[in-house]
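Student: Let's see this in three dimensions:
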Amino acid sequence: MAFDFDFELLQELTETSGAPGYEDRIRDIVRRELDGEVNDIHTDAMGNVVGTIEGSSDYEVAIAAHMDEIGFMVTHVNEDGFLSLDSLGGWDPRVLRAQRVTVHTENEDLTGIIGSMPPHILDDDDERKVEDVYIDLGLPAEEASERVSAGDIVTMEQTTTRVGEHVTGKSLDDRICLFTMLEAAKRIEDPDVTIHFCATVQEEVGLRGAEALGVDIDPDLAIALDVTVANDIPGVEKKKDYVTSLGDGTAIKLKDGSVVTTPNVHRRLRSLAEDRDIEHQLEILPSGGTDTAGFQNSYGAKPVGAISVPTRYLHTVTESAHGDDVSATIDLLTAFLETETGKHDYSL
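Tutor: Residues are numbered from 1 along each chain as shown. Take a look at the predicted model:
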């Protein structure tokens, strides 16, 4: 039963640009979607958006999904009109060759191309690095220098579409989880606890937005939503080596490179999934971090958990997730919030 959700909203969220620190366009969509669904919406000095549904108790839960996508910042326009870049987030240089991009200047968006050396003149052992990447705007050098400045932002240009039972496009990390959070927010009515739906900034450059909210909100419990590795692909031979598999359900995180989730939190998530017949799998991610750690580390000890959407081809323009896993993530998050009373024992 793939795609039993608002696919047009998911398309809008994933196709819209928003690099770390420059999430303005995504922020506008989040505020629009939360309007009328929550009791209060505010944006802090960093750009985090928090939509709050007031509960009947003093217990507070933070749900976090990050708005930013990996991108670049222009560092220089050379004498020939080509743009040099600095990374905003972790790129695999192998996926950058011959890609189309959008350069976001103060006054306009420009389409550009990441240049690629033709194979006819490459050495067999030639390996490019991210710092070797340059952008060709197809403009005369003087015009390029006039229209683009150091500090302008660059994001990948890609549409989001269905491929069989999968959805694929850029920035599913983490817009697909931002989408699941917004959908859950629309389902919640009269909760027992106060819920803060947090659309965070700058996750890809160090969990910075979540760390600030951990202090400002200081919730009693925090649940982060992010994609995780689905490496159920050729080249990974043994199923035991998979982190997650597409189509096997939402992923309940046990650990990643930044956090070990609170046992009683992930146990309650598992129990709920079993009771509600929500397809799920367990996630043990060897490396990488999520907003979960930002909330746990920023302002005193508190229980944390995380729910993930299994995703193939992370940090590329063809990130892919299964429609049923997206639905299962919305269902599990909604069930968790509807049943949170503030009286569950998450202590160790």
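Student: is it true that residue 3 lies in a helix?
Tutor: No. With DSSP: H, G, I helix; E, B strand; the rest coil as the criterion, residue 3 is coil rather than part of a helix.
Student: burial measure for it, as a count.
Tutor: Counted with other C-beta atoms under 10 Å, the neighbours of residue 3 add up to 16. (Glycine included, C-beta is placed from N, CA and C.)
Student: so residue 162 sits right up against residue 11, yeah?
Tutor: No. Using C-beta atoms under 8 Å, residue 162 makes no contact with residue 11, being 9.8 Å away.
Student: Which residue of the two possesses the greater neighbour count?
Tutor: residue 11 (18 against 14).
Student: Please name the nearest non-neighbouring residue to that one.
Tutor: Closest residue in space to residue 11, ignoring its immediate chain neighbours: residue 160 at 4.6 Å, by C-beta to C-beta, 6 or more residues apart in numbering.
Student: Is it correct that that neighbour is in contact with residue 10?
Tutor: Yes. Assessed by C-beta under 8 Å, residue 160 is found in contact with residue 10 at 7.0 Å.
Student: hey, what's in contact with both of the two?
Tutor: Residues touching both residue 160 and residue 10 by C-beta atoms under 8 Å, 6 or more residues apart in numbering: residue 167.
Student: Comparing these two, which shows the higher neighbour count?
Tutor: Under the neighbour definition other C-beta under 10 Å, residue 160 and residue 10 were set side by side, and residue 10 has more, 25 against 20.
Student: Phi and psi next, for that one.
Tutor: phi -60, psi -40 (degrees, to the nearest 10).
Student: and it, what does it touch?
Tutor: 160, 167, 175-176, 179, 326.
Student: For it, give its distance to residue 170.
Tutor: 12 Å (C-beta to C-beta, to the nearest Å).
Student: Give the residues shared as contacts by these two.
Tutor: residue 160.
Student: show me the contacts for residue 86.
Tutor: Applying C-beta under 8 Å, 6+ apart, we find residue 86 in contact with 72-73, 75.
Student: quick one on the thing from earlier: need the pLDDT of the residue nearest to residue 11.
Tutor: Predicted confidence (pLDDT) for residue 160: 97.
Student: Residue 233 now?
Tutor: For residue 233, the model assigns a pLDDT of 89.
Student: Likewise for residue 307?
Tutor: 98.
Student: do the one 4 residues further on as well
Tutor: According to the per-residue confidence, residue 311 scores 97 in pLDDT.
Student: Just list whatever residues bridge to it.
Tutor: residue 229 (DSSP bridges).
Student: rewinding a little: identify, from the contacts of residue 10, the entry nearest to residue 227.
Tutor: residue 176 (6.5 Å; C-beta to C-beta).
Student: How about the secondary structure of that closest one?
Tutor: Going by three-state DSSP: residue 176 is helix.
Student: do the one 4 residues further on as well
Tutor: Taken by three-state DSSP, the conformation at residue 180 corresponds to helix.
Student: where's it relative to residue 226, distance?
Tutor: For residue 180, the distance to residue 226 equals 10 Å [C-beta to C-beta].
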